[in-house]
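Asks: Next comes the sequence, and after it the predicted model I'd like to discuss.
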Amino acid sequence: MTSTTLLFLVIGLGLVAWFFGRLKAASLQSRGPNSRSVLHSLPNYHGWYVALWAIVPAAIFMTVWSFVSPALITDAALTSPAAAQLPTDGFARAAILSEARAIAYGNQVNAFNPLSQSMVEPYREAIAYYQMIGAIAALLMVFACGAYAWLRIKPDLRARTKIERVTMLLLLLASLIAIITTVGIFLSLVFETARFFSMVSPIDFLFGTEWNPKAVAGPRGETGFGAIPLFWGTVFIGAIIAMIVAIPLGLMSAIYLTQYAPAKFRSWMKPILEVLAGVPTVVYGYFAALTVAPALRDFAVSIGISNASSESALAAGVVMGIMIIPFVSSMADDSIAAVPSAMRDGSLAMGATQSETIKKVLIPAALPGVVGGVLLAVSRAIGETMIVVMAAGLAANMTANPFSSVTTVTTQIVQLLTGDQEFDSPKTLAAFALGLVLFIVTLLLNLIALRVVKKYREAYE
Amino acid sequence: MNEDQKILEPSESVTMTDSAPTGITNESGTPKMTARNVDVFYGDKQAINDVSIDVNMDAVTAFIGPSGCGKSTFLRCMNRMNDTIPIARVTGEIKLEGEDIYASRMDVVQLRARVGMVFQKPNPFPKSIYDNIAYGPRIHGLATGKEDLDEIVESSLQRAGLWGEVKDRLQDSGTALSGGQQQRLCIARAIAVDPEVILMDEPCSALDPIATAKIEELIHELRGKYAIVIVTHNMQQAARVSQKTAFFHLGTLVEYGETTDIFTNPREEKTRDYITGRYG
Amino acid sequence: MNSLTDTSRRPTDWQGAEMQKRIAGRYAAERRFKAMGIVAIALSAGFLAFLLVVMVGNGFRGFAQTELPVVIDFPAVTSGASPSQFEGPNAEANLQVMGLRDIVDSSIEIQYGQDGTDLFSPGGWTAVSAEILNDPDIVERKATVYLPVVSEIDVAYKDEGTAGAEEQVRRLGDQLSTGFNWNFLSNSDATDPMQVGIWGAFKGSLITMIVTLMLAFPVGVLAALYLEEYAPKNRLTDLIEVSINNLAAVPSIIFGLLGLAVFLNFFGMPRSGALVGGLTLALMTMPVIVISGRNAVKSVPPSIREAALGIGASPLQVVFHHVLPLALPGILTGTIIGMARALGETAPLLMIGMRAFIATPPSGITDPATVLPVQIFLWSDEVDRGFVEKTSAAIIVLLLFLLVMNALAIYLRNRFETRW
């Protein structure tokens, strides 16, 4: 019996339990002289009470079992005569066992190694044996717990309260997933990064200026894991070029739409600009690589920059900046809207023109909000992957020439994890170290930005 | 100073002849601002109906009336602040020293410099006290240099009676002042561009009684230097600070005349009802 | 009372030439500033328009294919195949044994000479089998079928190609025609740009999105209800809120690393499958749903809760009977927007191996699969020029789906959003 069938069976039995629980409660109700005083909760809740008792313990058991059983299965398979022929070398042994396991589970059809084929049969037997044990135990639990709950149904059973407590627990669990995910991200990055730093010194990684990752160290012990060129490339594209495009365009768009545009124009234009944020990044990346980059290169060559790269920082940065426009614009919009209109009136009543009011009163007043928005935009830009993967280069240059090629943290993460992944090679693990740096930097940017924005909002409330 | 004396203080130059139609006073001197047959519409809704009034240099004019009567709306027409509301439409004629302020050749920027405004809630800019005052002179280019600007700031703050309180902390933020000080800062800010008329839209409604008394005192001091129009929902305040009072009701000007006459001997039934507290 | 120092400033001469000049300058600055705003909007919107025009211009051709007519004299080459063979359950099997490829090739050689097959897309003959299944009677007569040409000629015919291909196009002249490229909608990835299609990637996207929705929606809604309705004000709640706000801003590639480290390496789930892709995207989408869900729940007025509590409903009944139904349109809007974002996401899926060459559409959540954006990425990397228009065509399809989803979200918002 596979685990899926078992799961459906358990759920089916749960429905049966619900039905019986409800039935018993209903019969108790009909027997009483005054139905309201007899039963604490509606029969429906009693049904759920029995059903949950039937399903939940069994489901917990099945989850635990699915973690425990693979080890048991491997142990059992290794006791078979075929296992005696296995090589003692740990790596080869593990490879054969995993192949045999994959075939036995039906994930793979043919074995590359004949030894694996010989291990398939012991595996199958062990799997069948332990699956059977698991299924029987689970079903026993369904019946036992279901029966226990069913017997407890009495008129004064506070079934609704109990069900509500369970539901509340479920709600809390759903909320906790956010924390679990954050912790999961942090732990998995930290764990792999620690392994990376056991091979490459953190100092070399964080302050080295040569990026040329190799699986094995060079003659002078250099590993080529100096990430400074990557950090520079990321900052150059995401925080400098993209922002030079996004801040003026986003800010001016927001100002025009909120301060000058007729309501009708605004109601059309705002969603159109928001479309820019909804276009998938892979489309921007393709556009940058296909259209913008060649055009910029031709332009650079025509003005006499002969070494212009077709994978220029400028192309990736400009396109990224355009992607960020709606982001900056909506943050600026919110910040300006939060400035009390009394400020605007005060300035206009002094005889200031509208642009003087905007430049000298509204923007200074909205500045903290705008700065917070820009920080969020930077955090988004440096974490953006597809545009730089497709349009920026792989050459780790430390240059401020926008027409030359630079590489970024995200590009290199994708590059390092493409193809064979060996989890004991510093090349693969370096991706996690880069990811950790990216995670921490974006986290800090976000925390600062949210704090700034919050402070600013409070100032005007 | 005794408040009662102020109310009864006669304003010699203002005379009123019985033959004048309701709403317009006949003056010996030329009025600073004149309004004739002004209607204001918000979309389809008429907020002001056929108002004609004169504002004089040497008297403080108070607009009183129940809330929603249009007194603030009319005030905002006088320096075209209603322009900021897209659906607002003004017809009729409002003149500043004989120039139609709604004429196409009238420059609204200039107009607002000449007709200053103080708002209901103090609205200092989130800048330093100095920059708040210097804002107007800077945008209009009134100062010839740094020293001149310093001088304008000082004299404006002095006129607003705030200099003594803030002279040592001109670089502090204007928003850090107390409510009453903020409002006097706003008055100083309006004074700094040397306006001819100052419009005050319920300037004390957000202030405590002590701060209110100071503002009222200040209005007394400023009288004669600027034509002052004050909108208030507080009849005692109108009686204390103004020499002339206009009573608005449902968008029309019911009665306009000497403050003492309006409060002691109103001509119109409605005014009497309002003054005696029948409604409002 | 302070004394007024009446500085004897001359009254401002507003009509003076200098002041008038200054005012004119200020108005000019005003116009310049306003023009800058218009330019900013025009540039932003213009870029969007440019992007769409380029994509549609390129991609439009991806839906078309260049064809050459091939006359196949079925009775002569099939040695007496009857239409009945190609009806019913055995039709496919009979086609297989028929050797259709050789039949087509020989017909081509008769018509276009020894090297004639070089003109045609290698997989093009499959169009003939589709034709036969569609209309079995065709095998009894001499029929003309239109088969796709090789990619080089296709490119040269539609646009500008290599010198050799352009020469071929001139030689073939009027024989070349354009037909709708049905393959593009029904095939999966392939090495020949004439034979690629988006069906496989589309199905992959669909399965991945279903997994994402099934996971992110319930969790997101429950979390939103908990945080907005029940959560006590304590450290744990603060931590949850901070986590959710941060997760919403974590770069998507980090979720890919999480999926790789946790789902693939730690739990050993199948690589490249829609299951892991969906899980990863669900973690990314969940915060979006929680945030929009909270706003929707927040906008339900307290009076409704009080009314329900007042007639003796338990706190849970209040929420599930009254608050949730009223907040649902808002939650759905947020969910659709979150799903649209997940549908366009590429980077995290690259991390968990959904970038493989997938020539058969996935049929389950653990089958190796790819999704539309990743397919676009993969095609964009191909050197063959024939892929350019296919990439753009796939982008058009993706954008269409996003457009529909966003339109649906806007419709829902306008239709059901109640202003309290």
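Replies: Nice, thanks for sending it over. Numbering: from 1, shown residues only, chains lettered A, B, ... in the order given.
Asks: and the residue nearest to residue C:81 when sequence neighbours are not counted, how many residues sit next to it?
Replies: Distances taken as CB to CB, 6 or more residues apart in numbering or on different chains place residue C:139 nearest to residue C:81, at 4.7 Å, with adjacent residues excluded. Heads up, the C-betas are built off the backbone N, CA and C, glycines and all. Neighbours of residue C:139 under the rule other CB atoms under 10 Å in any protein chain shown: 22.
Asks: per-residue confidence at residue C:7?
Replies: pLDDT for residue C:7: 47.
Asks: Surely the residue nearest to residue C:81 forms part of a helix?
Replies: Yes - Residue C:139: assigned to a helix according to DSSP: H, G, I helix; E, B strand; the rest coil.
Asks: Quick check: it touching residue C:82?
Replies: Yes - between residue C:139 and residue C:82 there is a contact under CB atoms under 8 Å: 7.2 Å.
Asks: Any part of the helix or strand that contains residue C:43 near chain A?
Replies: Per DSSP states H and E: residue C:43 is located in helix C:17-62. Yes - interface with chain A: helix C:17-62 contributes C:26-27, C:29-30, C:33-34, C:36-41, C:43-45, C:47-48, C:51, C:54-55, C:58 (CB under 8 Å from any CB of the partner chain).
Asks: after that helix, next one along is what?
Replies: Counting by DSSP H and E, the next helix or strand C-terminal to helix C:17-62 is strand C:64-73.
Asks: Which elements pack onto that following strand?
Replies: helix C:100-112, strand C:142-148, helix C:151-158, strand C:177-180 (3 or more CB pairs under 8 Å, 6 or more residues apart in numbering or on different chains; DSSP states H and E).
Asks: Of all the ones you listed, which one is nearest residue A:170?
Replies: strand C:177-180 (50.8 Å; CB to CB).
Asks: Against which helices or strands is that closest one packed?
Replies: strand C:64-73.
Asks: which neighbours does the strand it packs on have in its sheet, and in what orientation?
Replies: strand C:142-148 (antiparallel), strand C:177-180 (antiparallel) (DSSP bridges).
Asks: Reformat these into CSV and put mean pLDDT, distance to residue B:212 and mean neighbour count next to each item.
Replies: Output for the strands paired with strand C:64-73, formatted as CSV (pLDDT from 0 to 100; distance: least, CB to CB, whole Å; neighbours: other CB atoms under 10 Å in any protein chain shown):
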stretch, mean pLDDT, distance to residue B:212, mean neighbour count
strand C:142-148, 85, 87, 18
strand C:177-180, 86, 80, 12
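Asks: and stretch A:70-87, is it in reach of chain C?
Replies: No - residues of stretch A:70-87 contacting chain C under CB under 8 Å from any CB: none, with a closest distance of 8.6 Å.
Asks: what's the span of that stretch, first residue to last?
Replies: Across stretch A:70-87, the terminal residues are separated by 21 Å (CA to CA, to the nearest Å).
Asks: For it, report the contacting residues that lie outside it.
Replies: A:93, A:96-97, A:100-101, A:115, A:118-119, A:121-123, A:125-127, A:129-130 (CB atoms under 8 Å, 6 or more residues apart in numbering or on different chains).
Asks: What subset of the residues you listed is buried?
Replies: A:96-97, A:100-101, A:115, A:118-119, A:122-123, A:126-127, A:130 (16 or more other CB atoms under 10 Å in any protein chain shown).
Asks: Averaging pLDDT per element, find the lowest-scoring helix or strand in the chain.
Replies: In the absence of a named chain, chain A is used. Using mean pLDDT, DSSP states H and E, helix A:35-38 stands out as the lowest-scoring helix or strand of chain A, at a mean of 54.
Asks: switch to chain B, that's the one I care about
Replies: Per-SSE averages on chain B (mean pLDDT, DSSP H and E): minimum helix B:3-8, a mean of 40.
Asks: how does chain A divide into domains?
Replies: A:3-157, A:228-459 (automatic domain parsing).
Asks: so which of those domains gets nearest residue C:403?
Replies: Between the domains of chain A, domain A:228-459 lies closest to residue C:403; by CB to CB that is 8.7 Å.
Asks: quick check: mean pLDDT across the closest one?
Replies: Per-residue scores along domain A:228-459 average to 90.
Asks: Off-centre distance for it?
Replies: 21 Å (CA atoms, centre = their mean, to the nearest Å).
Asks: and the end-to-end length of it?
Replies: End-to-end distance of domain A:228-459 (CA to CA): 39 Å.
Asks: Residue C:394 touches residue C:200, doesn't it?
Replies: No - judged on CB under 8 Å, residue C:394 makes no contact with residue C:200 at a distance of 11.3 Å.
Asks: what residues do the two have in common as contacts?
Replies: residue C:375.
Asks: More neighbours: which of the two?
Replies: Higher neighbour count among residue C:394 and residue C:200: residue C:394, with 31 against 24, using other CB under 10 Å.
Asks: what packs against the one helix or strand in chain C whose mean pLDDT sits lowest?
Replies: Of all helical and strand segments in chain C, the minimum by mean pLDDT, DSSP H and E falls on helix C:91-98, at a mean of 75. The contact analysis (3+ CB pairs under 8 Å, 6+ apart) places helix C:91-98 against helix C:126-134.
Asks: Stretch A:312-321 near chain C at all?
Replies: No - using CB under 8 Å from any CB, stretch A:312-321 stays clear of chain C, coming no nearer than 8.9 Å.
Asks: what does that stretch rub up against?
Replies: A:233, A:236-238, A:240-246, A:249, A:284-285, A:287-289, A:292-293, A:296-297, A:300, A:381, A:384, A:387-388, A:391-393, A:401-406.
Asks: Restricting to C-alpha, output that stretch in PDB.
Replies: This file holds the C-alpha atoms of stretch A:312-321, laid out as PDB (Å, rounded to 0.1, in the frame of the first residue of the first chain):
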ATOM      1  CA  SER A 312      27.300  46.100 -20.600                       C
ATOM      2  CA  ALA A 313      26.500  47.200 -17.000                       C
ATOM      3  CA  LEU A 314      24.600  50.000 -18.500                       C
ATOM      4  CA  ALA A 315      22.100  47.800 -20.400                       C
ATOM      5  CA  ALA A 316      21.300  45.700 -17.400                       C
ATOM      6  CA  GLY A 317      21.200  48.800 -15.100                       C
ATOM      7  CA  VAL A 318      18.900  50.900 -17.300                       C
ATOM      8  CA  VAL A 319      16.400  48.100 -17.800                       C
ATOM      9  CA  MET A 320      16.400  47.300 -14.200                       C
ATOM     10  CA  GLY A 321      15.900  51.000 -13.400                       C
END
